[in-house]
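Peer 1: Sharing a sequence plus its predicted fold:
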Amino acid sequence: MEIKILLCDDHKIFREGLKTLLAAESNMRVVGEAADGAQAVSLAARLRPDIIVMDISMPVLNGIEAARKIAAAGKGSRVIALSMHSDRRFVAEALKAGARGYLLKDSAFEELSAAIRSVHAGKTCLDPAVASAVVDDYVGRIAASEKSAFTVLSDREREVLQLVAEGKSTKAIASALKLSVKTVETHRNRVMGKLRVDSVAALTKYAVREGLTSL
């Protein structure tokens with residue numbers, strides 16, 4: 001299946017270089033070129049390309065806003081953002097705007113070609129240089145905004161909770177964790193207090209829901 005591509009960059013020589021390289025790829029065809037974000041939005045609506053390779057920094061309308069408008073139009077075109085910026089704020093904003101890929105401009109052409117095929121297949125593609133920053137940011141946001149067994153309870157409390165949910169007696173838990181019975185009871189009471197539950201059944205439901213154990 002042929003992949004129709006729209007190139008959006010305010011540097012003509014850059015567009016021409018990419019167009020020449022893409023012409024040598026099997027099943028890829030550049031159907032249009034845009035020199036600014038507004039033109040990109042207009043051409044995307046008229047040409048309905050499969051993939052839009054979009055520079056982030058463009059005049060009239062920047063690439064992120066253009067990507068947002070294109071995504072909102074719902075024509076099915078998928079945007080791969082190109083940028084000189086590896087800052088995760090740019091990456092996050094591009095993805096929030098609807099981009100399905102983010103590559104740095106110093107990437108090898110083979111990486112762009114692979115990204116085009118990957119995004120066309122419905123996947124998301126991130127430049128390795130920014131992927132770890134995006135993951136770190138995502139994990140940090142989750143830890144800061146969501147309460148789970150991994151943020152509310154200590155390591156030992158989670159161990160006790162899992163064993164309680166699996167039906168182990170206090171004595172068996174103490175033996176397994178090499179703790180005193182009194183210490184296990186203290187941990188169990190703290191868990192109940194933190195989770196605001198008052199029964200083993202409720203603890204079990206919570207442990208299953210949080211993925212600490214299975215029924």
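Peer 2: Received the coordinates, thanks.
Peer 1: Settle this for me: Glu65 is touching Ala40, isn't it.
Peer 2: No - under the criterion of CB atoms under 8 Å, Glu65 is not in contact with Ala40, lying 10.0 Å apart. The C-beta positions use only the backbone N, C-alpha and C, and glycine is treated the same way.
Peer 1: quick one, which of these two is more surrounded?
Peer 2: Ala40 (31 against 17; other CB atoms under 10 Å).
Peer 1: is it true that that one touches Ala34?
Peer 2: Yes - Ala40 lies in contact with Ala34 (CB under 8 Å); the separation is 3.9 Å.
Peer 1: Now for these two: what residues contact both?
Peer 2: Residues touching both Ala40 and Ala34 by CB atoms under 8 Å, 6 or more residues apart in numbering: 6, 8.
Peer 1: Could you list the low-pLDDT ranges of the chain?
Peer 2: For the chain, applying pLDDT under 70 flags the ranges 132-150, 214-215.
Peer 1: Quick check: can you list the domain ranges of it?
Peer 2: Taking automatic domain parsing as the reference, the chain has its domains at 3-142, 149-209.
Peer 1: Need the winner for burial among those.
Peer 2: Burial of the domains of the chain is given as mean neighbour count (mean count of other CB atoms under 10 Å); domain 3-142 ranks first at a mean of 18.
Peer 1: Work out the gap between that one and the centre of the chain.
Peer 2: Offset of domain 3-142 from its chain centre (CA atoms, centre = their mean, to the nearest Å): 16 Å.
Peer 1: Could you do stretch 207-214 as well?
Peer 2: With CA atoms, centre = their mean as the basis, stretch 207-214 stands 24 Å off its chain's centre.
Peer 1: Could you export that stretch as PDB, CA atoms only?
Peer 2: Only the C-alpha atoms of stretch 207-214 are listed here, as PDB (Å, rounded to 0.1, in the frame of the first residue of the first chain):
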ATOM      1  CA  ALA A 207      -4.700  -6.200  46.600                       C
ATOM      2  CA  VAL A 208      -6.300  -7.800  43.600                       C
ATOM      3  CA  ARG A 209      -7.300  -4.500  42.100                       C
ATOM      4  CA  GLU A 210      -3.800  -3.100  42.500                       C
ATOM      5  CA  GLY A 211      -2.200  -6.100  40.900                       C
ATOM      6  CA  LEU A 212      -0.400  -7.300  44.000                       C
ATOM      7  CA  THR A 213      -2.000 -10.700  43.800                       C
ATOM      8  CA  SER A 214      -4.700 -12.600  41.900                       C
END
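Peer 1: OK, contacts around the spatially closest residue to Leu6 that is not a sequence neighbour?
Peer 2: Nearest residue to Leu6 in three dimensions, chain neighbours excluded: Pro49, at 4.0 Å (CB to CB, 6 or more residues apart in numbering). By CB under 8 Å, 6+ apart, the contact set of Pro49 is 4-6, 31-32, 43, 77.
Peer 1: quick one, phi psi at the closest residue to Ile64 other than its chain neighbours?
Peer 2: Distances taken as CB to CB, 6+ apart put Ala97 closest to Ile64, at 4.9 Å, once the chain neighbours are dropped. Main-chain torsions, Ala97, degrees, to the nearest 10: phi -80, psi -10.
Peer 1: Wait, Ala97 touches Ala67, no?
Peer 2: Yes - counting by CB under 8 Å, Ala67 is a contact partner of Ala97 at 4.3 Å.
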